[in-house]
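Trainee: Show me how the following folds:
(one chain, ligands or ions: 1)
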Amino acid sequence: MSSSNAQREEQAWETYAQSYDLILPILPYYQKVVRYHVDALSIPDVRTVIDVGAGTGNVAVELIARGVRVTAVDVSPQMLSVLRKKTWASSSGGIEIVEQDAQSLSAWPDESFDGANVLLSLFAMHEPRQAFLEIMRVVRRGGKVAITETKRNFQLRPLLDFVEEFLALHPSREELREHWDRVKSANLVLDPGFRINRLTVEEIQHELSASGFTIMSVMDSHLGQCATICATKNLGS
Ligand SMILES: C[S@@+](CC[C@H](N)C(=O)[O-])C[C@H]1O[C@@H](n2cnc3c(N)ncnc32)[C@H](O)[C@@H]1O
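Mentor: So this is what the prediction gives:
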């Protein structure tokens with residue numbers, strides 16, 4: 001990737017971070033996908049979770065509230081700064097925040113975690129296959145993964161149109177306008193549909209099955225543009 005593209009992407013995450021938590025958590029499809037992930041990972045035998053591309057930590061904070069210890073890994077200092085503020089007072093013992101590229105998780109030995117949370121972060125990586133192998137490696141046998149990624153035929157436009165219509169009817173639409181403009185501009189820079197190395201959810205499902213995971217469920221998300229896979233790493237793998 002050219003350095004100007006890398007810079008554009010870095011700026012997009014910076015822009016995104018300013019308004020992410022003012023827009024995403026009010027959108028029904030985002031609320032629903034966060035719920036899928038939290039439900040999949042807040043079960044009795046999951047006590048530690050690596051959150052890969054944790055961002056502002058909307059899944060992480062819910063998991064911590066349910067007693068799960070979360071290691072939140074993200075490359076963006078601005079996204080993590082929002083997460084730090086959210087968890088500062090309430091849960092200092094429940095979270096470790098690590099600012100680094102998640103394409104290598106070499107800081108963690110094999111089978112370090114009971115679970116992995118990956119909610120739309122692989123699409124943003126330049127070597128998503130490498131990151132995905134790392135995620136499968138650091139989850140213990142019997143552990144769980146919850147992964148939401150884009151479908152092969154992903155299109156950004158239906159999502160943008162939905163949000164425009166949703167916000168037009170929202171009581172705080174005037175105050176939300178500048179935040180939506182930021183989120184939208186970041187989305188256009190980062191559009192998964194144009195990413196060369198994208199790892200689709202179909203490929204992820206296939207790869208999990210071929211790598212000793214049992215698929216527990218696959219559910220559409222993001223108005224059918226994405227899907228969430230929940231899988232368990234087989235004891236014998
Ligand atoms: C669309 S956001 C999703 C954030 C969060 N998972 C959520 O569901 O709200 C994608 C996140 O992936 C992070 N990310 C992108 N590339 C990354 C990389 N190579 N390593 C770690 N995190 C990365 C971004 O900084 C961003 O916070």
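Trainee: For the rest of this, base every contact and every neighbour count on C-alpha atoms.
Mentor: Fine.
Trainee: list the helices and strands the helix of greatest length in the chain packs on?
Mentor: Determined from DSSP state H, the single longest helix within the chain is helix 3-23. If contacts are counted by 3 or more C-alpha pairs under 8 Å, 6 or more residues apart in numbering; DSSP states H and E, helix 3-23 sits against helix 77-88, helix 173-190.
Trainee: Check which element follows the first one along the chain.
Mentor: Sequence-wise, the next helix or strand beyond helix 77-88 is strand 95-99, with elements assigned using DSSP states H and E.
Trainee: List the buried residues for that following strand?
Mentor: Neighbour-count burial for strand 95-99 flags I95, I97, V98, E99 (criterion: 16 or more other C-alpha atoms under 10 Å).
Trainee: which of those residues are close to the ligand?
Mentor: Checking the buried residues of strand 95-99 against the ligand by C-alpha under 6 Å from any ligand atom, not one of them is in range.
Trainee: Save the residues you listed as CSV, and put in pLDDT too.
Mentor: Below are those laid out as CSV (pLDDT from 0 to 100):
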residue, pLDDT
I95, 95
I97, 97
V98, 98
E99, 98
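Trainee: now, the most widely separated pair of these?
Mentor: I95 and E99 (12.9 Å; C-alpha to C-alpha).
Trainee: At which residues are the strands of the protein located?
Mentor: In the chain, strands defined by DSSP state E lie at 48-52, 69-74, 95-99, 113-119, 139-150, 213-221, 226-233, listed in chain order.
Trainee: okay, the ones you listed in TSV with distance to T15 next?
Mentor: Supplementary listing: the strands of the chain in TSV, determined by distance: least, C-alpha to C-alpha, whole Å:
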stretch	distance to T15
strand 48-52	20
strand 69-74	16
strand 95-99	18
strand 113-119	19
strand 139-150	22
strand 213-221	24
strand 226-233	23
